[in-house]
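[1] output the structure for:
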Amino acid sequence: MSTATLTTDLPASKPPLASNWVRMFLIALTAVGIPALLIRLYAGLNITALGSVVPWGVWVAFYIYFIGLSAGSFLLSSLIFVFKNEELEPVGRLAVVQAFACLITGLVFIFLDLGHWERFWHVMAYPPWGSVLAWEIWFYNA
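    Residues are numbered from 1 along each chain as shown. Predicted coordinates for the structure are as follows:
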């Protein structure tokens, strides 16, 4: 009786050509985006050409969007962990991570909207209690 050995020496698979194009596209976007971000942070609001007609720009709209995503993810995670909904349990940890990531992303967009970004800590040291955004930042940190 002979024993035959089964070898599974498969050639190493290459990533699909499409994924290489996607990587190159993302690298190109990053190469353009990082200098643009640095120019925006250095020049402040002057580069955005916002006037008195539109006192806030697209960054605040992104902030509202990501805070809404964060709230929805947090509600989903509370359904899973507080109310013990076992049907949704596979996405429980992902919902918590997404809630935190969206919260941080929303705050980063507000950070980008600041005219003088180097003063981001002023809202904690000298809180303007008449500002709703200041209240939100205080509650987020709490």
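
[2] give me the element the most centrally placed residue in the chain is part of.
    Taking C-alpha atoms, centre = their mean, the centroid of the chain lies closest to residue 105, which sits 3.3 Å from it. Assigned by DSSP states H and E, residue 105 belongs to helix 92-113.

[3] low-confidence ranges in this protein?
    Scanning the chain for pLDDT under 70 picks out 1-18, 45, 48-56, 115.

[4] how about the helices in it?
    For the chain, the helices defined by DSSP state H cover 17-43, 58-81, 92-113, 122-125, 132-141.

[5] excluding chain neighbours, what is closest to the residue nearest to the centre of the chain?
    residue 66 (4.7 Å; C-beta to C-beta, 6 or more residues apart in numbering). Where C-beta positions appear, they are placed from N, C-alpha and C, glycine not excepted.

[6] residues near that neighbour, how many?
    When neighbours are counted by other C-beta atoms under 10 Å, residue 66 registers 20.

[7] same check on the one 4 residues further on?
    Neighbour count of residue 70, defined by other C-beta under 10 Å: 21.

[8] now for it: which residues touch it?
    With contacts defined as C-beta atoms under 8 Å, 6 or more residues apart in numbering, residue 70 is in contact with 98, 99, 100, 102, 103, 106.

[9] find the nearest non-adjacent residue to it, please.
    In space, residue 70 is closest to residue 102, 3.7 Å off (C-beta to C-beta, 6+ apart).

[10] same deal with residue 116?
    Counting by C-beta to C-beta, 6+ apart, the residue nearest residue 116 is residue 44, at 6.4 Å.

[11] report the buried residues of stretch 104-113.
    Buried residues in stretch 104-113, counting neighbours by 16 or more other C-beta atoms under 10 Å, are found at 105, 106, 107, 109, 110, 112, 113.
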